[in-house]
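Chemist: sequence first, then the predicted structure:
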Amino acid sequence: MTKYGSFPGARPRRLRTTPAMRRMVAEYRLHPADLILPAFVREGVSEPVPISAMPGVVQHTRDTLRKAAVEAVEAGVAGIMLFGVPEDAKKDGVGTAGTDPDGILQVAIRDVKAEVGDDLVIMSDLCLDEYTDHGHCGVLDSDGRVDNDASLERYAEMAQVQADAGVHAVGPSGMMDGQVGVIRDALDQTGHEDVSILAYTAKYTSAFYGPFREAVGSSLTGDRKTYQQDPANLRESLRELALDLEEGADMVMVKPALPYLDVLAKIADSVDVPVAAYQISGEYAMVEAAAEKGWIDRDKAILETLTGIKRAGANMILTYWATEVAQGL
(Lines give C-alpha, C1' and ligand atoms only; values in the text may rest on other atoms or scores of the structure.)
Protein backbone atom coordinates (compact mmCIF):
# COMPACT_ATOMS: atom_id res chain seq x y z
CA MET A 1 0.00 0.00 0.00
CA THR A 2 1.32 3.44 -0.93
CA LYS A 3 1.20 6.37 1.40
CA TYR A 4 -1.88 7.48 -0.55
CA GLY A 5 -3.72 4.20 -0.13
CA SER A 6 -5.87 5.39 2.75
CA PHE A 7 -7.59 8.07 0.62
CA PRO A 8 -11.02 7.24 -0.86
CA GLY A 9 -11.22 6.10 -4.47
CA ALA A 10 -14.94 6.72 -4.69
CA ARG A 11 -15.59 10.42 -4.37
CA PRO A 12 -19.21 11.50 -4.86
CA ARG A 13 -18.03 15.08 -4.53
CA ARG A 14 -16.54 14.85 -8.04
CA LEU A 15 -20.07 15.20 -9.38
CA ARG A 16 -20.70 18.36 -7.34
CA THR A 17 -17.71 20.41 -8.44
CA THR A 18 -19.38 23.02 -10.68
CA PRO A 19 -22.87 24.33 -11.39
CA ALA A 20 -22.73 22.74 -14.85
CA MET A 21 -21.74 19.38 -13.38
CA ARG A 22 -24.49 19.51 -10.77
CA ARG A 23 -27.03 20.46 -13.42
CA MET A 24 -25.93 17.62 -15.68
CA VAL A 25 -26.33 14.90 -13.03
CA ALA A 26 -29.46 16.28 -11.36
CA GLU A 27 -31.96 13.47 -10.82
CA TYR A 28 -35.08 15.65 -10.69
CA ARG A 29 -35.84 18.85 -12.56
CA LEU A 30 -38.69 21.28 -12.13
CA HIS A 31 -40.43 22.34 -15.32
CA PRO A 32 -43.14 24.96 -15.83
CA ALA A 33 -45.47 22.21 -17.06
CA ASP A 34 -45.26 20.62 -13.58
CA LEU A 35 -47.01 23.61 -12.04
CA ILE A 36 -50.66 24.54 -11.46
CA LEU A 37 -51.68 27.97 -10.18
CA PRO A 38 -54.48 28.14 -7.58
CA ALA A 39 -56.39 31.40 -8.02
CA PHE A 40 -59.23 33.09 -6.14
CA VAL A 41 -61.86 35.25 -7.81
CA ARG A 42 -64.16 37.37 -5.67
CA GLU A 43 -67.61 38.52 -6.60
CA GLY A 44 -68.46 42.21 -6.49
CA VAL A 45 -64.99 43.78 -6.22
CA SER A 46 -63.49 46.34 -8.59
CA GLU A 47 -59.89 45.95 -7.41
CA PRO A 48 -57.89 42.89 -6.31
CA VAL A 49 -58.13 42.29 -2.57
CA PRO A 50 -54.81 41.37 -0.90
CA ILE A 51 -54.82 38.33 1.37
CA SER A 52 -53.02 39.45 4.52
CA ALA A 53 -51.72 36.01 5.50
CA MET A 54 -50.46 35.28 1.97
CA PRO A 55 -48.29 38.21 0.83
CA GLY A 56 -48.40 38.54 -2.94
CA VAL A 57 -51.65 36.57 -3.34
CA VAL A 58 -54.97 38.30 -3.96
CA GLN A 59 -58.64 37.69 -4.43
CA HIS A 60 -58.92 38.59 -8.10
CA THR A 61 -61.50 40.60 -9.92
CA ARG A 62 -62.80 39.00 -13.09
CA ASP A 63 -60.48 41.22 -15.14
CA THR A 64 -57.34 40.57 -13.11
CA LEU A 65 -58.07 36.83 -13.14
CA ARG A 66 -58.05 36.90 -16.92
CA LYS A 67 -54.70 38.70 -16.85
CA ALA A 68 -53.30 36.16 -14.38
CA ALA A 69 -54.39 33.34 -16.68
CA VAL A 70 -52.60 34.94 -19.63
CA GLU A 71 -49.43 35.41 -17.55
CA ALA A 72 -49.58 31.76 -16.54
CA VAL A 73 -49.86 30.65 -20.16
CA GLU A 74 -46.97 32.87 -21.21
CA ALA A 75 -44.82 31.42 -18.41
CA GLY A 76 -45.60 27.84 -19.48
CA VAL A 77 -47.68 26.92 -16.43
CA ALA A 78 -49.79 23.82 -17.08
CA GLY A 79 -53.03 24.65 -15.32
CA ILE A 80 -55.06 26.95 -13.12
CA MET A 81 -57.29 25.84 -10.22
CA LEU A 82 -60.13 28.29 -9.69
CA PHE A 83 -61.84 29.06 -6.38
CA GLY A 84 -64.91 31.28 -6.26
CA VAL A 85 -65.59 33.72 -3.43
CA PRO A 86 -69.25 34.77 -3.47
CA GLU A 87 -70.80 37.74 -1.73
CA ASP A 88 -71.72 36.88 1.88
CA ALA A 89 -75.37 37.62 1.22
CA LYS A 90 -75.47 34.78 -1.32
CA LYS A 91 -74.32 32.10 1.13
CA ASP A 92 -76.93 29.72 2.49
CA GLY A 93 -77.24 26.31 4.08
CA VAL A 94 -76.94 24.32 0.86
CA GLY A 95 -74.48 26.48 -1.09
CA THR A 96 -76.91 27.58 -3.77
CA ALA A 97 -74.37 29.94 -5.38
CA GLY A 98 -72.17 26.94 -6.10
CA THR A 99 -74.70 25.52 -8.56
CA ASP A 100 -75.98 28.79 -10.01
CA PRO A 101 -74.87 28.93 -13.67
CA ASP A 102 -74.23 32.62 -13.07
CA GLY A 103 -72.38 32.04 -9.79
CA ILE A 104 -68.94 33.58 -9.49
CA LEU A 105 -66.99 30.36 -10.11
CA GLN A 106 -68.96 29.45 -13.23
CA VAL A 107 -68.59 33.00 -14.55
CA ALA A 108 -64.84 32.85 -13.86
CA ILE A 109 -64.49 29.55 -15.70
CA ARG A 110 -66.17 31.08 -18.76
CA ASP A 111 -63.95 34.18 -18.49
CA VAL A 112 -60.73 32.19 -18.40
CA LYS A 113 -61.91 29.85 -21.12
CA ALA A 114 -62.70 32.80 -23.37
CA GLU A 115 -59.30 34.36 -22.63
CA VAL A 116 -56.94 31.39 -23.01
CA GLY A 117 -59.03 28.59 -24.51
CA ASP A 118 -57.27 25.26 -24.26
CA ASP A 119 -53.80 26.76 -23.75
CA LEU A 120 -54.22 26.30 -19.99
CA VAL A 121 -55.86 23.37 -18.22
CA ILE A 122 -58.77 25.05 -16.46
CA MET A 123 -59.62 23.30 -13.20
CA SER A 124 -62.33 24.14 -10.70
CA ASP A 125 -62.74 23.51 -7.01
CA LEU A 126 -65.81 21.33 -6.62
CA CYS A 127 -66.85 21.89 -3.03
CA LEU A 128 -69.54 23.68 -1.07
CA ASP A 129 -67.51 25.33 1.68
CA GLU A 130 -67.11 28.68 -0.10
CA TYR A 131 -70.87 28.92 -0.63
CA THR A 132 -72.40 27.72 2.64
CA ASP A 133 -73.18 30.00 5.56
CA HIS A 134 -71.84 27.37 7.96
CA GLY A 135 -68.59 26.92 6.01
CA HIS A 136 -68.68 23.13 5.82
CA CYS A 137 -67.95 21.19 2.66
CA GLY A 138 -71.40 19.60 2.58
CA VAL A 139 -75.02 19.88 3.55
CA LEU A 140 -75.88 19.61 7.25
CA ASP A 141 -78.51 17.27 8.68
CA SER A 142 -81.00 18.16 11.41
CA ASP A 143 -78.36 17.49 14.07
CA GLY A 144 -75.80 19.79 12.45
CA ARG A 145 -73.64 16.97 11.09
CA VAL A 146 -72.39 16.86 7.51
CA ASP A 147 -74.76 14.63 5.55
CA ASN A 148 -72.59 12.63 3.17
CA ASP A 149 -75.21 11.49 0.66
CA ALA A 150 -77.16 14.76 0.56
CA SER A 151 -73.84 16.47 -0.15
CA LEU A 152 -73.18 14.08 -3.05
CA GLU A 153 -76.38 15.23 -4.73
CA ARG A 154 -75.14 18.81 -4.55
CA TYR A 155 -71.72 17.78 -5.90
CA ALA A 156 -73.38 16.17 -8.92
CA GLU A 157 -75.14 19.46 -9.67
CA MET A 158 -71.90 21.41 -9.22
CA ALA A 159 -70.08 19.11 -11.62
CA GLN A 160 -72.67 19.71 -14.31
CA VAL A 161 -72.67 23.52 -14.09
CA GLN A 162 -68.87 23.70 -13.95
CA ALA A 163 -68.61 21.44 -16.98
CA ASP A 164 -71.26 23.47 -18.80
CA ALA A 165 -69.10 26.55 -18.15
CA GLY A 166 -66.19 24.91 -19.97
CA VAL A 167 -63.90 23.50 -17.30
CA HIS A 168 -61.37 20.86 -18.34
CA ALA A 169 -61.10 19.16 -14.94
CA VAL A 170 -63.01 19.26 -11.68
CA GLY A 171 -61.36 18.92 -8.29
CA PRO A 172 -63.76 17.48 -5.71
CA SER A 173 -62.19 18.49 -2.40
CA GLY A 174 -64.93 17.75 0.13
CA MET A 175 -63.76 14.23 1.10
CA MET A 176 -67.28 12.80 1.00
CA ASP A 177 -67.44 9.03 0.58
CA GLY A 178 -68.35 8.12 -2.98
CA GLN A 179 -67.84 11.62 -4.39
CA VAL A 180 -65.73 10.60 -7.38
CA GLY A 181 -68.22 7.99 -8.56
CA VAL A 182 -71.22 10.29 -8.27
CA ILE A 183 -69.43 13.11 -10.06
CA ARG A 184 -68.23 10.77 -12.84
CA ASP A 185 -71.78 9.57 -13.40
CA ALA A 186 -73.13 13.12 -13.40
CA LEU A 187 -70.56 14.25 -15.96
CA ASP A 188 -71.08 11.25 -18.22
CA GLN A 189 -74.87 11.48 -18.11
CA THR A 190 -74.82 15.14 -19.13
CA GLY A 191 -72.52 14.76 -22.12
CA HIS A 192 -69.29 15.74 -20.38
CA GLU A 193 -67.37 12.50 -20.78
CA ASP A 194 -64.17 14.40 -21.61
CA VAL A 195 -64.09 16.40 -18.38
CA SER A 196 -61.55 14.77 -16.07
CA ILE A 197 -61.55 14.39 -12.30
CA LEU A 198 -58.60 15.37 -10.13
CA ALA A 199 -59.51 13.53 -6.95
CA TYR A 200 -58.47 15.01 -3.61
CA THR A 201 -57.62 11.48 -2.54
CA ALA A 202 -55.62 12.17 0.60
CA LYS A 203 -56.76 15.46 2.05
CA TYR A 204 -55.77 15.77 5.67
CA THR A 205 -57.27 17.96 8.34
CA SER A 206 -54.44 20.42 8.85
CA ALA A 207 -53.33 23.45 10.82
CA PHE A 208 -51.78 24.77 7.60
CA TYR A 209 -55.12 25.68 6.01
CA GLY A 210 -55.46 28.85 8.08
CA PRO A 211 -54.57 31.45 5.43
CA PHE A 212 -56.78 29.70 2.86
CA ARG A 213 -59.80 30.31 5.07
CA GLU A 214 -59.16 34.04 4.71
CA ALA A 215 -58.60 33.64 0.97
CA VAL A 216 -62.05 32.14 0.38
CA GLY A 217 -63.86 34.14 3.05
CA SER A 218 -64.74 30.98 4.94
CA SER A 219 -67.70 31.01 7.34
CA LEU A 220 -66.59 27.79 9.04
CA THR A 221 -67.66 27.06 12.57
CA GLY A 222 -66.24 23.94 14.20
CA ASP A 223 -63.84 21.71 12.28
CA ARG A 224 -63.74 19.15 9.47
CA LYS A 225 -62.30 16.21 11.34
CA THR A 226 -65.23 13.92 10.55
CA TYR A 227 -64.52 14.01 6.81
CA GLN A 228 -60.93 15.11 6.24
CA GLN A 229 -58.27 12.55 7.11
CA ASP A 230 -56.52 12.20 10.45
CA PRO A 231 -52.85 13.29 10.17
CA ALA A 232 -51.85 10.12 12.06
CA ASN A 233 -53.04 7.77 9.30
CA LEU A 234 -51.22 6.49 6.22
CA ARG A 235 -52.98 3.19 5.39
CA GLU A 236 -56.26 5.07 5.31
CA SER A 237 -54.93 7.08 2.36
CA LEU A 238 -54.31 3.89 0.42
CA ARG A 239 -57.88 2.83 1.04
CA GLU A 240 -59.12 6.21 -0.17
CA LEU A 241 -56.84 5.83 -3.20
CA ALA A 242 -58.26 2.43 -4.12
CA LEU A 243 -61.82 3.74 -3.85
CA ASP A 244 -61.13 6.85 -5.94
CA LEU A 245 -59.50 4.83 -8.71
CA GLU A 246 -62.33 2.32 -8.71
CA GLU A 247 -64.83 5.17 -9.00
CA GLY A 248 -63.07 6.67 -12.01
CA ALA A 249 -60.52 9.23 -10.84
CA ASP A 250 -58.25 10.36 -13.69
CA MET A 251 -55.69 11.98 -11.39
CA VAL A 252 -55.14 11.88 -7.64
CA MET A 253 -53.86 14.40 -5.12
CA VAL A 254 -52.21 14.64 -1.72
CA LYS A 255 -52.94 17.77 0.33
CA PRO A 256 -51.05 19.34 2.12
CA ALA A 257 -47.71 18.57 0.48
CA LEU A 258 -44.70 19.06 2.77
CA PRO A 259 -46.06 17.49 5.99
CA TYR A 260 -47.21 14.45 3.98
CA LEU A 261 -44.31 13.67 1.64
CA ASP A 262 -44.32 10.08 2.90
CA VAL A 263 -47.96 9.72 1.87
CA LEU A 264 -47.19 11.30 -1.49
CA ALA A 265 -44.31 8.88 -2.09
CA LYS A 266 -46.40 5.88 -1.11
CA ILE A 267 -49.25 6.86 -3.41
CA ALA A 268 -46.92 7.72 -6.30
CA ASP A 269 -45.38 4.26 -6.03
CA SER A 270 -48.81 2.62 -6.05
CA VAL A 271 -50.56 4.07 -9.11
CA ASP A 272 -50.29 4.48 -12.85
CA VAL A 273 -52.29 7.72 -13.02
CA PRO A 274 -50.84 11.24 -12.63
CA VAL A 275 -50.25 12.32 -9.03
CA ALA A 276 -50.60 15.88 -7.80
CA ALA A 277 -49.62 17.56 -4.55
CA TYR A 278 -50.97 20.84 -3.22
CA GLN A 279 -48.46 23.15 -1.56
CA ILE A 280 -51.06 24.87 0.55
CA SER A 281 -51.52 28.34 1.98
CA GLY A 282 -49.79 27.70 5.28
CA GLU A 283 -46.73 26.28 3.55
CA TYR A 284 -46.61 29.38 1.36
CA ALA A 285 -47.12 31.71 4.33
CA MET A 286 -44.33 30.12 6.39
CA VAL A 287 -41.74 30.66 3.67
CA GLU A 288 -42.88 34.20 2.93
CA ALA A 289 -42.94 35.16 6.62
CA ALA A 290 -39.52 33.70 7.37
CA ALA A 291 -38.08 35.36 4.28
CA GLU A 292 -39.58 38.71 5.27
CA LYS A 293 -37.79 38.38 8.61
CA GLY A 294 -34.54 37.68 6.78
CA TRP A 295 -34.28 34.23 8.34
CA ILE A 296 -34.15 32.27 5.05
CA ASP A 297 -33.36 32.90 1.40
CA ARG A 298 -36.82 33.14 -0.15
CA ASP A 299 -36.04 32.07 -3.73
CA LYS A 300 -33.86 29.15 -2.72
CA ALA A 301 -36.42 27.98 -0.17
CA ILE A 302 -39.20 28.05 -2.76
CA LEU A 303 -37.24 25.94 -5.22
CA GLU A 304 -36.10 23.55 -2.50
CA THR A 305 -39.62 22.89 -1.31
CA LEU A 306 -40.93 22.36 -4.84
CA THR A 307 -38.04 20.07 -5.74
CA GLY A 308 -38.69 18.02 -2.61
CA ILE A 309 -42.34 17.62 -3.57
CA LYS A 310 -41.39 16.48 -7.06
CA ARG A 311 -38.73 14.12 -5.70
CA ALA A 312 -41.37 12.50 -3.49
CA GLY A 313 -43.35 11.59 -6.60
CA ALA A 314 -45.60 14.46 -7.68
CA ASN A 315 -46.15 14.83 -11.41
CA MET A 316 -48.01 18.09 -10.81
CA ILE A 317 -47.71 20.66 -8.04
CA LEU A 318 -50.35 23.21 -7.11
CA THR A 319 -48.47 26.20 -5.77
CA TYR A 320 -49.18 29.91 -5.38
CA TRP A 321 -45.69 30.54 -6.75
CA ALA A 322 -46.47 28.73 -10.03
CA THR A 323 -46.19 31.67 -12.42
CA GLU A 324 -43.22 33.23 -10.66
CA VAL A 325 -41.29 29.98 -10.57
CA ALA A 326 -42.19 29.11 -14.16
CA GLN A 327 -40.91 32.50 -15.30
CA GLY A 328 -37.64 31.86 -13.48
CA LEU A 329 -37.26 28.39 -14.94
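Modeler: Here it is on my side, so go on. Every value quoted in this text rests on a predicted model; they were computed, and no experiment measured them.

Chemist: shaky segments in the stretch 151-300 of the chain?
Modeler: Low-confidence segments of the stretch 151-300 of the chain (pLDDT under 70): 212-222.

Chemist: for the stretch 201-329 of the chain, just list every one of the helices.
Modeler: In the stretch 201-329 of the chain, the segments counted as helices under DSSP state H, counting those that start in this stretch are 210-215, 235-247, 261-268, 281-292, 298-311, 322-328.

Chemist: show me what the longest one is packed up against.
Modeler: Meaning helix 298-311. helix 261-268, helix 281-292, strand 316-318, helix 322-328 (3 or more CB pairs under 8 Å, 6 or more residues apart in numbering; DSSP states H and E). For the C-beta atoms, the positions are set from N, CA and C on the backbone; glycine is no exception.

Chemist: and the first one, what other elements does it pack with?
Modeler: In this structure, helix 261-268 makes packing contacts with strand 196-203, helix 235-247, strand 251-255, strand 275-278, helix 298-311, judged by 3+ CB pairs under 8 Å, 6+ apart.

Chemist: which one of the ones you listed lies nearest to Gln59?
Modeler: strand 275-278 (18.5 Å; CB to CB).

Chemist: who does that closest one pair up with?
Modeler: According to DSSP bridges, strand 275-278 forms sheet pairs with strand 251-255 (parallel), strand 316-318 (parallel).

Chemist: gap between the two ends of stretch 230-240?
Modeler: Looking at stretch 230-240, the gap from its leading to its trailing residue is 12 Å under the measure CA to CA, to the nearest Å.

Chemist: can you check stretch 128-135 too?
Modeler: Per CA to CA, the first residue of stretch 128-135 is 8 Å away from its last.

Chemist: okay, buried residues for it please.
Modeler: With burial defined by 16 or more other CB atoms under 10 Å, the residues of stretch 128-135 counted as buried are 128-132, 134-135.

Chemist: need the helices for the stretch 1-150 of the chain, in chain order.
Modeler: 19-25, 62-75, 104-116, 148-165.
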